[in-house]
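# below are the sequence and a predicted model; questions follow.
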Amino acid sequence: MEGIYAFCVGLLTACGIFLALRGRTFSVVIGLTLLSYAVNLFLFASGRLKIDAAAVLGQSEQYSDPLPQALVLTAIVIGFAMTAFVVILAMRARADLGNDHVDGVLPTNETDTSHRSGGSH
Amino acid sequence: MQHLSIFPILIPLLFGAIMLLPPISRDLTSQRISAVTGTLLLLISSAVLLFKVDHEGVQLYALGGWQAPFGIALVADRMSTLLVSVSSFLAFAVMLFAIAGRDKGGAYFHPLFMFQIMGINGAFLTGDIFNLFVFFEVLLIASYALLVHSGGKQKTQAALHYVILNLVGSSLFLFGLGILYGTLGTLNMADMAIKVGQLEGETATLAKTGALLLLVVFGLKAAMLPMHFWLPKTYSSASAPVAALFAIMTKVGIYSIFRVFTLIFGDEAGELANIATPWLWALALLTITIGTVGVFASPSLKVLSANLVMVSSGSLLACAAIGSEVATSAALYYMVHSTLASAGLFLLADLLARQRGKAEDRFVRSRAFLQPRLLGFGFAISALSLIGMPPLSGFVGKVMMLQATQTTVQTMWVWPLILIGSLAALITLSRAGTTLFWRHSGSVAPEAEPAKATEIAGIALLLLASPVLVLFGGEISAFTLQAAANVHDILFSAYGLLPGAIQ
């Protein structure tokens, strides 16, 4: 279980970082979302992974650490708000700057980069 | 008053929330009145707290009555209270400036301003590292909205970079926290400081990874190289009151570095003692260098002020790298000085820009000023204090920092860089002043309007802080020295804050 869990977190992080480094706001936002999923799973695992262990005392023989679950809830809420903000900001930037590149200007050799940076025209 | 230490968080929260409600939110005048009242109350309560902490020692506030390390504690010690007072003073002065008209660009300026102050004060006061994350997010989301306030292409462009960088930073922060919680089993900073000394082997390496991830995040906030790219653009495109308020944001990063890397990962941390120091040295010196280059290359007064913020950030990081009590004390003094002085320059740059017509604050030949004496006098004080010329506070702060170096090698690296940084500021600010005030076409721009009374009051408060810091230099440096001694003393700031901890 730990192996699969770690692999999933790693894969999500890798994909998140890859997408966050792209040039278009859409893929960057998706990348940030993946990154926040990865971090939520990671925080959850910081209290150790246990099976058949409830966070409430008396419900099961073993119990798990409830604090990481509270941390994850906080992180999810904050991450959600921030993603909502960045989506709106990206749309505003598309309107204000006339394109969806994170720098606000398209790279000069457009034919070369348009398909590589993941945007459609 | 046992609840005094939470007032710097509660007052802005309440005032911000009230200003969002209908009777006040519809009317600009009542928003302005309540914003000024709120910041004034905040200033008074932080001053009282500062006085109390100085006389009665550290104030520990257990939120909800849950004792540390299980509950979240607010720790009002000398260091955090000093910075809370600075941010409250800054908020009051900047709000005075803003109500003269810079708050009209869009809706909800005042509530957002209050929420940002709440986040900043919370980040200074909290004794729990996850709570620090939460307050970082509070101040960040308010700052995102304030940055795009009153709109414009440049602001959107700068905000996009700033927001994305900080979102990645928040994710890294959480990764670091997860690792530290997984290895230490606690999030209370005092408790972490006690437990970190017991780590060894693989667990210690893991905790080191987490700690250095935190350094990256705090470095991003403090504009440490190589995470400084956002700073000049963000600060120079933000509207004047927002940029002035942002002057304390880099200090939040520096403060967190001091908290985490002198208290938790300080001398007592066993295998992990002083893990950040080698990184801090190189990065601090590089930050000063790049900041200095930026100062020379600045085309306008706002960009210049932003680059000066970076130089001061680098100097403060160098103090963190030295890691002695004297260095921390010097850093605290310099933090107060540089926050207020650079905020003053940001506000002044806006006044200058408005009286020069199309040239704004760029260093080009342009129209004459409507009020050359008033603005010139303000500019001279602000420049002298930022350069670090006697008799103003920049000089005292820089001398304290230079004296804090211990070994010859440290002196060899720190002295030239800080002094060259000051020289760069001297050259650029004198060139700027010459161009702005003396190379003009003789006629006043038709659209220029005189500075309003509250604007002058706001700037005057910030600029007067510099001579006051010198006049009361003895008391203030004794206070910062005491604050630094507390932060470096693990018995005081870790065991002292946990009633049940056994040494």
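Cool, got the structure. Nothing here was measured: the structure is a model prediction, and the numbers come from that model. Numbers count the residues shown, from 1 in each chain, chains lettered A, B, ... in the order given.
# and the longest helix seen in chain A, what's buried?
Across chain A, the helix with the greatest residue count (assigned by DSSP state H) is helix A:67-97. Neighbour counts using 16 or more other Cβ atoms under 10 Å in any protein chain shown place A:67-68, A:71-72, A:74-75, A:78-79, A:82-83, A:85-86, A:89-90, A:92-94, A:96-97 of helix A:67-97 among the buried residues. C-beta: built from backbone N, CA, C; applies to glycine.
# of those, which are in range of chain B?
Restricting those to those touching chain B (Cβ under 8 Å from any Cβ of the partner chain) yields A:67-68, A:71, A:74-75, A:78-79, A:82, A:85-86, A:89-90, A:92-93, A:96-97.
# pLDDT-wise, which helix or strand of chain A ranks last?
Across the helices and strands of chain A, mean pLDDT, DSSP states H and E gives its lowest value to helix A:110-113, namely a mean of 54.
# enumerate the residues of chain B near chain A.
Residues of chain B lying near chain A by Cβ under 8 Å from any Cβ: B:130, B:134, B:137, B:141, B:144-145, B:148, B:151-153, B:156-157, B:159-161, B:163-164, B:167-168, B:170-171, B:174-175, B:177-179, B:181-182, B:187.
# do I have it right that residue A:28 meets residue A:18?
No - Residue A:28 lies out of contact with residue A:18 (Cβ atoms under 8 Å); the separation is 10.7 Å.
# more crowded one of these two?
A count of neighbours by other Cβ atoms under 10 Å in any protein chain shown puts residue A:28 above the other of residue A:28 and residue A:18, at 24 against 12.
# can you tell me the closest non-neighbouring residue to the more buried one?
Closest residue to residue A:28 apart from its sequence neighbours, by Cβ to Cβ, 6 or more residues apart in numbering or on different chains: residue A:20 at 5.4 Å.
# show the contacting residues for the one you found.
By Cβ atoms under 8 Å, 6 or more residues apart in numbering or on different chains, residue A:20 lies in contact with A:28, A:31, A:32, A:35, B:164, B:168.
# same thing but at 10 Å, please
Neighbouring residues of residue A:20 by Cβ atoms under 10 Å, 6 or more residues apart in numbering or on different chains: A:27-35, A:102, B:164-165, B:167-168, B:171.
# next one, pLDDT for it please.
Predicted confidence (pLDDT) for residue A:20: 93.
# the one 5 residues further on now?
Predicted confidence (pLDDT) for residue A:25: 92.
# tell me which helix or strand comes right after the one helix or strand residue A:11 maps to.
Secondary structure assignment for residue A:11, by DSSP states H and E: helix A:2-20. Following helix A:2-20 in sequence order, the next helix or strand is helix A:25-45 (DSSP H and E).
# sheet partners, orientation included, of the helix or strand just after that next one?
On the C-terminal side of helix A:25-45, the nearest following helix or strand under DSSP H and E is strand A:53-54. According to DSSP bridges, strand A:53-54 has the following sheet partners: strand A:62-63 (parallel).
# and the strand it pairs with, how far from the chain's centre?
Relative to its parent chain, strand A:62-63 has a centroid offset of 30 Å by Cα atoms, centre = their mean, to the nearest Å.
# same question for stretch B:101-120, mean pLDDT?
The model assigns stretch B:101-120 a mean pLDDT of 90.
# where does the prediction get shaky in the chain?
Here I'm looking at chain A. For chain A, the stretches flagged by pLDDT under 70 are A:109-121.
# to clarify, I was referring to chain B.
For chain B, the stretches with pLDDT under 70 are B:501-503.
# would you list every one of the strands in it?
Under the criterion DSSP state E, chain B contains strands at B:59-62, B:73-76, B:366-368, B:440-444.
# need these in TSV with distance to residue B:297 and mean neighbour count, can you?
TSV is the format used below for the strands of chain B (distance: least, Cβ to Cβ, whole Å; neighbours: other Cβ atoms under 10 Å in any protein chain shown):
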stretch	distance to residue B:297	mean neighbour count
strand B:59-62	45	18
strand B:73-76	41	25
strand B:366-368	20	19
strand B:440-444	23	12
